[in-house]
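Engineer: what follows is a predicted protein model with its sequence.
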Amino acid sequence: MHVPDGFINVPVSAAAGVVAAGAVAVSLKGARRELDERTAPLAGLVAAFIFAVQMLNFPVAAGTSGHLLGGALAAILVGPFTGVLCVSVVLLMQGVLFADGGLTALGVNISDMAIVTTVVAYLVFRGLVKVLPRGRRSVTVASFVAALLSVPAAAIAFTLIYAIGGTTDVSIGKVATAMVGVHVLIGIGEAAITALTVGAVIAVRPDLVYGARGLTQRLKLRVGGELVDAPAPASAPASAPAPAPVAASRAASRSTRPVWIAGIIASLVLAGFVSFYASADPDGLEKVAHDKGIDKKAEEHATADSPLADYGVEDITDTRLSGGLAGVIGVGVTVVAGTAVFWTLRRRRTNDTSPGTEDTSPGTDDTSRTSPGTDDTSPGTDDTSPAAVPEAPASEKA
């Protein structure tokens, strides 16, 4: 759904740019509350993974394809503010290096693909996890529905923008019908990719999924044959020395390293190899634009002569090698740019937080809680007390 130059007139494109800049500024501030030593490097990985998966166009109808937008996936994995930044980094890299999405339309693309998808998806996700039974399966189901709805929401947002600042005189009703219709189908693919990815991370490291924080039930103790709430863990004495920042940072890095390595390998394989087999059909917006005539005033991209334009490396004639190498370069550039941004935000948060205090993230109820399916102890440790048993899920109680 990358909007090219010339679809939207200059005044509306400029207004969208102001909206996008404001949203990014707010997200930069909000992301400082979401990021910590574990999630900062993972946020850069999420951006790179979204870049890679966006190269995998999948067929949705005769002569039409779709690809991941990524707002729902990013919001659920690393938080809504950080999610907006993840998708924005991807769109910036695509527009500047790969001539994908117009530069004058960058504000439109960020507003539509980063802000709308992330906000809609996260609101739907949070609403669902509040009413569904607590557990990993509910998080995955909520991820599927949130991603599914975020894509047609972005299609509606584009239609509204085009109704205000479109450069051709076409029937907005017909454009809206076509956009929503095809993007509902694309949303199914988005939902499947999002649910599978979130489910895979939860299965391995549920504590790393932002959307799953604060969803576990209290630990239960069996006393006299009955289950009672375990006492809350005692807080550390005020005089207790805080762990050394360097040691804590190294521990966090070690704990997330396997996930990071697996994620970057998956991204490189998807972008460097699997992308060759992606559908070559136009995506939903391109198809509707051609059929309804809204692409009549489309302009050539300002970086059309980039060595990486159209996801190929200049002067390499082998299509598979050219596209694969471009994908690998894109993943590398995106993970470096994203990680640099998120580590900078994380360091600013650390500097702004007074010693001995904890900056909790919005949307969490209790920082002592862990993610669904985990014990109240640190990841990787077990409760060796024979009397401690976790409360059974609601489905098992029935």
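Structural biologist: In hand now; what should we look at? Everything numeric in this text was worked out from a predicted model, so none of it was measured.
Engineer: all helices for this structure, in order.
Structural biologist: Taking DSSP state H as the test, the helices found in the chain are 10-34, 39-54, 71-78, 80-97, 106-109, 117-131, 136-165, 172-204, 245-272, 284-292, 319-352, 394-397.
Engineer: pick the most buried one from those helices.
Structural biologist: Most buried of the helices of the chain, by mean neighbour count (mean count of other Cβ atoms under 10 Å): helix 71-78, with a mean of 32. No exception for glycine: its C-beta is placed from N, CA and C like everyone else's.
Engineer: tell me what angle that helix forms with helix 10-34.
Structural biologist: With axes from the mean of the first three to the mean of the last three Cα atoms, to 10 degrees as the basis, helix 71-78 and helix 10-34 are set at 20 degrees to each other.
Engineer: name the residues that touch helix 71-78?
Structural biologist: Contact with helix 71-78 is made by 34-35, 39, 42-43, 46-47, 50, 82-84, 86-87, 113-118, 120-122, 125, 139, 143, 146-147, 150, 154, 190-191, 193-194, 197-198, 201, 208-211, as judged by Cβ atoms under 8 Å, 6 or more residues apart in numbering.
Engineer: could you find the closest non-adjacent residue to Arg307?
Structural biologist: Actually, residue 307 is Pro rather than Arg. The shortest distance from Pro307 to any non-neighbouring residue, by Cβ to Cβ, 6 or more residues apart in numbering, is to Glu314 (4.2 Å).
Engineer: and what of Gly284?
Structural biologist: Of all residues not flanking Gly284 in the chain, Val182 sits nearest, at 4.3 Å (Cβ to Cβ, 6+ apart).
Engineer: tell me who's in contact with that neighbour.
Structural biologist: For Val182, the contacting residues are Val60, Ala61, Thr64, Gly66, Ala155, Gly284, Lys287, Val288, by Cβ under 8 Å, 6+ apart.
Engineer: let's see that with 7 Å instead.
Structural biologist: If you count contacts by Cβ atoms under 7 Å, 6 or more residues apart in numbering, Val182 has them with Val60, Ala61, Thr64, Gly284, Lys287, Val288.
Engineer: of the helices of the chain, which is nearest Met1?
Structural biologist: With respect to Met1, and counting by Cβ to Cβ, the nearest of those is helix 284-292 at 4.7 Å.
Engineer: what packs against the closest one?
Structural biologist: Secondary-structure packing of helix 284-292 (3 or more Cβ pairs under 7 Å, 6 or more residues apart in numbering; DSSP states H and E): strand 64-66, helix 172-204.
Engineer: make a markdown table from these and add mean pLDDT and distance to Ala25 to it.
Structural biologist: Listed next are the helices and strands packed on helix 284-292 as a markdown table, based on pLDDT from 0 to 100; distance: least, Cβ to Cβ, whole Å:
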| stretch | mean pLDDT | distance to Ala25 |
| --- | --- | --- |
| strand 64-66 | 96 | 31 |
| helix 172-204 | 96 | 27 |
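Engineer: quick check: Val12 touching Tyr162?
Structural biologist: No - using Cβ atoms under 7 Å, Val12 is not in contact with Tyr162, being 8.9 Å away.
Engineer: quick one: contacts for the closest residue to Val201 other than its chain neighbours?
Structural biologist: Of all residues not flanking Val201 in the chain, Val209 sits nearest, at 5.6 Å (Cβ to Cβ, 6+ apart). By Cβ under 7 Å, 6+ apart, the contact list for Val209 reads Ile76, Leu77, Val139, Val198, Val201, Ile202, Ser371.
Engineer: gap between the nearest residue to the fourth one once chain neighbours are set aside and Ile76?
Structural biologist: The one in question is Val198. Take Val198 and drop its neighbours on the chain: the residue closest to it by Cβ to Cβ, 6+ apart is Ser143, 4.4 Å away. The spacing between Ser143 and Ile76, counted by Cβ to Cβ, to the nearest Å, is 5 Å.
Engineer: ok, now Pro152?
Structural biologist: Distance from Pro152 to Ile76, by Cβ to Cβ: 18 Å.
Engineer: quick one on the thing from earlier: report the set of residues contacting both of Ser143 and Ile76.
Structural biologist: Jointly contacting Ser143 and Ile76 under the rule Cβ under 7 Å, 6+ apart are Phe125, Val198.
Engineer: if I look at the residue nearest to Gly284, how far off is Val19?
Structural biologist: 25 Å.
Engineer: and the residue nearest the centre of the chain?
Structural biologist: By Cα atoms, centre = their mean, the mean C-alpha position of the chain lies nearest to Ala74, the distance being 1.2 Å.
Engineer: distance-wise, check it relative to Val151.
Structural biologist: Distance of Ala74 to Val151, given as Cβ to Cβ: 14 Å.
Engineer: can you check Val175 too?
Structural biologist: From Val175 to Val151 the distance is 16 Å (Cβ to Cβ).
Engineer: do the same with Ile164
Structural biologist: For Ile164 relative to Val151 (Cβ to Cβ), the value is 21 Å.
Engineer: just Thr64 next, same as before
Structural biologist: According to Cβ to Cβ, Thr64 and Val151 sit 14 Å apart.
Engineer: ok, now Gly293?
Structural biologist: Distance of Gly293 to Val151, computed by Cβ to Cβ: 23 Å.
Engineer: next one: Ala61
Structural biologist: For Ala61, the distance to Val151 - Cβ to Cβ - is 14 Å.
Engineer: check contacts around Asp295.
Structural biologist: Counting by Cβ under 7 Å, 6+ apart, the residues that Asp295 touches are Ala289.
Engineer: chain center to stretch 323-332, what's the gap?
Structural biologist: Chain-centre distance of stretch 323-332: 20 Å, with Cα atoms, centre = their mean, to the nearest Å.
Engineer: and the contacts of it?
Structural biologist: The contact list for stretch 323-332, computed with Cβ under 7 Å, 6+ apart, reads 48, 51-52, 55, 93, 97-98, 267-268, 271-273, 275-276, 308, 311-313, 316.
Engineer: switch to 8 Å and redo it
Structural biologist: Contacts of stretch 323-332 with the rest of the structure, by Cβ under 8 Å, 6+ apart, involve 48, 51-52, 55, 93-94, 97-98, 264, 267-268, 270-273, 275-276, 308, 311-313, 316.
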